[in-house]
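Q: what follows is a predicted protein model with its sequence.
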Amino acid sequence: MELQKMNGHGREDGFDGLEAMAEHDEFLPHKPGVKKETHFTDFEGKTSFGMSVFNLSNAIMGSGILGLAFAMSNTGIILFLILLVFIAILSAYSIHLLLKSAGVVGIRAYEQLGNRAFGPPGKLLAGCIITVHNIGAMSSYLFIVKSELPLVIQAFLGRHENTGEWFLNGNFLIIIVSACVILPLALMKQLGYLGYTSGFSLSCMVFFLISVIYKKFNIECPLDSEHHNSTDISDHYITNATDDFCEAKLFTVNSQTAYTIPILAFAFVCHPEVLPIYTELRDATKKRMQTVANISIMAMFVMYLLTALFGYLTFYGAVESELLHTYSRVDPLDVLVLCVRLAVLVAVTLTVPVVLFPIRRALLQILFPEKPFHWARHFGIAFCLIFIVNLLVIFVPSIRDIFGIIGATSAPSLIFILPSIFYIRIVPEEQEPFRSRPKIQAACFAALGFIFMIMSMSFIVTDWVTGESRSGGGH
């Protein structure tokens with residue numbers, strides 16, 4: 001999920017003919033005198049093991065990290081830790097299913113696995129789910145711009161409060177940023193140098209984590225009310241301010257707990273990038289790529305846990321659904337927080353066009369599969385996507401809702417459901433019968449995804465309908 005990096009997406013052309021090739025046992029010794037069969041792993045990957053870990057970590061890392069402290073505040077430390085371990089293990093298992101499926105048929109793209117498993121409808125389904133997820137990711141990035149850019153401008157003007165001018169209105173600012181920065185970059189024919197923003201994005205999040213840990217020891221609880229603006233203090237803060245406000249909860253459940261698993265799922269989605277990274281890995285084998293995935297997930301697990309823990313222990317019940325926005329309550333002119341905001345803003349702004357490219361590619365393949373490149377289509381799709389995302393960000397009241405909806409729909413599809421049903425359909429019966437333990441496990445995994453999706457959406461819709469108090473950045 002994430003500051004998603006589309007490593008390898010632009011290099012799929014020329015490999016479409018490989019989708020019918022089986023990987024077989026590519027790590028077994030080759031028998032002399034027998035002509036070697038071509039496998040998709042015969043594409044000579046040149047990316048080292050360490051760089052592959054870095055690339056997959058970039059694909060996992062995303063804006064979801066900003067919502068984890070809010071999730072912990074609504075579950076308690078122990079329950080959050082249990083859920084985080086649960087989602088991390090399931091993510092690693094789903095990558096195992098993807099790699100096993102890809103190894104059987106020699107395919108390096110998520111959508112093509114869908115095509116192999118269910119034909120054109122499967123390809124369409126996978127493409128649509130990835131598109132929805134990436135639109136959600138773009139929305140979360142622009143929501144950060146809407147929430148944080150006014151605070152940055154306010155800090156440069158030396159103001160402690162938002163005085164209501166148009167240039168301090170987040171809705172106007174995202175339209176300006178979209179028109180002047182994102183749209184021109186999205187109109188480029190190739191991603192080019194934008195691919196390098198992945199490293200910068202990860203560096204920004206490491207800087208963010210260090211700052212969160214440092215600020216834990218510099219902010220006292222309860223927060224100093226002199227910096228509070230009535231529009232900044234959520235009902236959630238007021239409700240909890242007199243109820244053991246500065247005491248860490250080990251286990252708690254409330255109306256906002258329903259958003260926790262979707263936020264965590266959103267934070268671990270990297271599955272569309274797994275196969276391109278696998279193909280580019282030097283000396284690629286399933287075991288080696290699974291190790292890359294396990295190390296990347298473990299690294300992000302540690303980073304997520306530290307961010308959530310120190311963010312929660314700084315603000316407790318006052319933490320907002322976008323953690324960085326919460327620091328404006330303490331001192332809007334804080335230099336360290338201003339630097340973090342600037343770094344995150346630049347990173348997410350440059351990442352939006354990177355995420356837009358694979359959406360446009362998927363739409364072109366679905367709507368205009370045989371058409372050659374045309375600038376009008378190239379521009380039209382980019383403009384429509386950015387327009388839709390701007391509408392979402394303007395009218396959705398909280399980034400929590402974006403994390404919740406995307407985390408409850410496309411995230412479980414990409415993590416639980418699609419890898420499982422692809423595995424069941426693609427791995428041949430003679431290799432693993434339908435009633436074999438691996439396929440029964442995969443079927444249970446898919447069922448778990450459906451249960452998770454239905455329960456999460458039910459709780460979220462119930463929260464909306466009953467009008468529960470809303471806590472979130474972007475007020």
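A: Sure, I can see it. Numbering: from 1, shown residues only.
Q: distance of residue 83 from residue 96?
A: According to C-beta to C-beta, to the nearest Å, residue 83 stands 21 Å off from residue 96. Any C-beta I mention is one placed from the backbone N, CA and C, and that applies to glycine too.
Q: buried set for stretch 320-339?
A: Of all the residues in stretch 320-339, those buried under the rule 16 or more other C-beta atoms under 10 Å are 320-334, 337-338.
Q: and the longest helix for this structure?
A: Longest helix in the chain by number of residues, with DSSP state H as the criterion: helix 120-156.
Q: moving C-terminal of that one, what's the next helix or strand?
A: Using DSSP states H and E, the next helix or strand after helix 120-156 towards the C-terminus is helix 170-177.
Q: which residues touch that next one?
A: Residues from elsewhere that reach helix 170-177 (C-beta atoms under 8 Å, 6 or more residues apart in numbering): 142, 145-147, 149-150, 153, 166-167, 349, 390, 393-394, 474.
Q: 7 Å instead?
A: Applying C-beta atoms under 7 Å, 6 or more residues apart in numbering, the contact partners of helix 170-177 are 142, 145, 146, 147, 149, 150, 166, 349, 390, 393, 394, 474.
Q: for that helix, list every residue counted as buried.
A: Neighbour counts over helix 170-177 (16+ other C-beta under 10 Å) mark 170, 173, 174, 175, 177 as buried.
Q: also stretch 111-128?
A: Within stretch 111-128, the residues that count as buried by 16+ other C-beta under 10 Å are 111-118, 122-128.
Q: ignoring the adjacent residues along the chain, who's closest to residue 433?
A: residue 439 (7.3 Å; C-beta to C-beta, 6 or more residues apart in numbering).
Q: count of neighbours near that neighbour?
A: 17 (other C-beta atoms under 10 Å).
Q: could you do residue 415 as well?
A: Using other C-beta under 10 Å: residue 415 sits among 27 other residues.
Q: and the closest residue to it other than its chain neighbours, what helix or strand is that in?
A: Nearest non-adjacent residue to residue 415, counting by C-beta to C-beta, 6+ apart: residue 94, 5.0 Å away. Assigning secondary structure by DSSP H and E places residue 94 in helix 77-105.
Q: show me the contacts for residue 118.
A: Neighbours of residue 118 in contact, by C-beta under 7 Å, 6+ apart: residue 425.
Q: what pLDDT is listed against it?
A: The model reports residue 118 with a pLDDT of 89.
Q: and the one 10 residues further on, by the same measure?
A: At residue 128 the predicted local distance difference test score is 88.
Q: how far away is it from residue 111?
A: Counting by C-beta to C-beta, the separation of residue 128 from residue 111 is 10 Å.
Q: also residue 218?
A: To residue 111, residue 218 is 47 Å away according to C-beta to C-beta.
Q: with residue 203 instead?
A: Taken as C-beta to C-beta, the span from residue 203 to residue 111 is 31 Å.
Q: quick one: low-confidence residue ranges for this protein.
A: Within the chain, the ranges that satisfy pLDDT under 70 run 1-45, 107, 190-198, 222-245, 467-475.
Q: list the buried ones in the host helix or strand of residue 446?
A: Residue 446 is part of helix 437-465, with elements assigned from DSSP H and E. By neighbour count with 16+ other C-beta under 10 Å, helix 437-465 contains the buried residues 438-439, 442-443, 445-446, 449, 452-453, 456-457, 459-460, 463.
Q: now the angle between helix 77-105 and that helix, please.
A: Angle, helix 437-465 to helix 77-105, by axes from the mean of the first three to the mean of the last three C-alpha atoms, to 10 degrees: 130 degrees.
Q: neighbouring contacts of stretch 144-151?
A: Residues from elsewhere that reach stretch 144-151 (C-beta under 7 Å, 6+ apart): 63, 162, 168, 170-171, 173-174, 177, 322, 324-325, 328, 332, 341, 344-345, 348-349, 393, 473-474.
Q: try 8 Å
A: 63, 66, 162, 168-171, 173-174, 177, 322, 324-325, 328, 332, 341, 344-345, 348-349, 393-394, 399, 473-474.
Q: buried residues in that stretch, which are they?
A: Buried-residue list, stretch 144-151, by 16+ other C-beta under 10 Å: 144, 145, 146, 147, 148, 149, 150, 151.
Q: same check on stretch 286-302?
A: Per 16+ other C-beta under 10 Å, stretch 286-302 contains these buried residues: 286, 289, 290, 292, 293, 294, 295, 296, 297, 299, 300, 301.
Q: check stretch 382-389 too.
A: 382, 385, 386, 389.
Q: and the next helix or strand past the helix holding residue 94?
A: Next in sequence after helix 77-105, counting helices and strands by DSSP H and E, comes helix 110-118.
Q: what inclination does that following helix have with respect to helix 77-105?
A: Using the same axes, to 10 degrees: helix 110-118 against helix 77-105 is 70 degrees.
Q: residue 65 contacts residue 303, doesn't it?
A: Yes. With contact taken as C-beta atoms under 8 Å, residue 65 and residue 303 are classed as touching, separated by 7.3 Å.
Q: the two: who's more crowded?
A: residue 65 (26 against 20).
Q: tell me who's in contact with the nearest residue in space to the more buried one that is not next to it in sequence.
A: Leaving aside its sequence neighbours, residue 65 sits nearest to residue 307 (C-beta to C-beta, 6+ apart; 5.5 Å). Counting by C-beta under 8 Å, 6+ apart, residue 307 touches 65, 68, 69, 208, 209, 212, 323.
Q: let me have those in JSON lines, extended by distance to residue 248.
A: Output for the contacts of residue 307, formatted as JSON lines (distance: C-beta to C-beta, whole Å):
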{"residue": "65", "distance to residue 248": "20"}
{"residue": "68", "distance to residue 248": "15"}
{"residue": "69", "distance to residue 248": "12"}
{"residue": "208", "distance to residue 248": "21"}
{"residue": "209", "distance to residue 248": "19"}
{"residue": "212", "distance to residue 248": "16"}
{"residue": "323", "distance to residue 248": "16"}
